[in-house]
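**Student:** Give me coordinates for this.
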Amino acid sequence: MDQEQPSHNEEPLSQLSKKELVKIILTQQKIITELQAKIEKLILSRDLDSKNSSKPPSSDLLKKPEKKQEGKEKEKQSQKKKPGGQLGHPGKTRMIWTSRPLRTLESTKM
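**Tutor:** Predicted coordinates:
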């Protein structure tokens, strides 16, 4: 099947005998049948994933629908907000608490 078939133009084909033409047709038919079987096998394996076979989820290919991606991007852009509190909301901060009041700084000389 991996053999390279010689290209046949109309002129040389007309010079071949009927027996040789039948041989070429049968060879091509065999190749076509093998390729069709291979295509069917690939189609079946393409449609299998962890949901409809015994394959593990890690073997699934990442298939993301294009429509859903576009919708999510639009949502992200419309929901972008500045970080921090909302406008008009009164802020709250903690009060500084010490065990004794600070009066002066003590300097030490060395």
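
**Student:** thought Leu48 was touching Lys55?
**Tutor:** Yes. Counting by CB atoms under 8 Å, Leu48 does reach Lys55; the two are 6.3 Å apart. Bear in mind the C-beta positions are built from the backbone N, C-alpha and C, glycine included.

**Student:** now the biggest helix by length in the chain: how far from the chain's centre is it?
**Tutor:** If you go by DSSP state H, the chain has its longest helix at helix 18-46. Centre-to-centre, helix 18-46 and its host chain are 32 Å apart (CA atoms, centre = their mean, to the nearest Å).

**Student:** low pLDDT regions in this structure?
**Tutor:** 1-9, 62-79, 81-82, 101-103, 110 (pLDDT under 70).

**Student:** could you pull out the helices for it?
**Tutor:** Under DSSP H, the chain gives helices at 10-15, 18-46, 66-78.

**Student:** Lys109: neighbour count?
**Tutor:** The tally of other residues near Lys109 (other CB atoms under 10 Å) stands at 3.

**Student:** how close does it get to Lys23?
**Tutor:** As defined by CB to CB, to the nearest Å, Lys109 lies at a distance of 112 Å from Lys23.

**Student:** again with Arg46
**Tutor:** 35 Å.

**Student:** Just want to know which of these two has more residues nearby.
**Tutor:** More crowded of Arg46 and Lys23, by other CB under 10 Å: Lys23, with 12 against 9.

**Student:** Tell me how many other residues crowd Leu87.
**Tutor:** Quick note: Leu87 (other CB under 10 Å) scores 6 neighbours.

**Student:** same deal with Leu21?
**Tutor:** By other CB under 10 Å, neighbour count at Leu21 equals 13.

**Student:** now it, nearest residue through space, not along the chain?
**Tutor:** Leu13 (7.0 Å; CB to CB, 6 or more residues apart in numbering).

**Student:** and the gap between that neighbour and Asp60?
**Tutor:** 48 Å.
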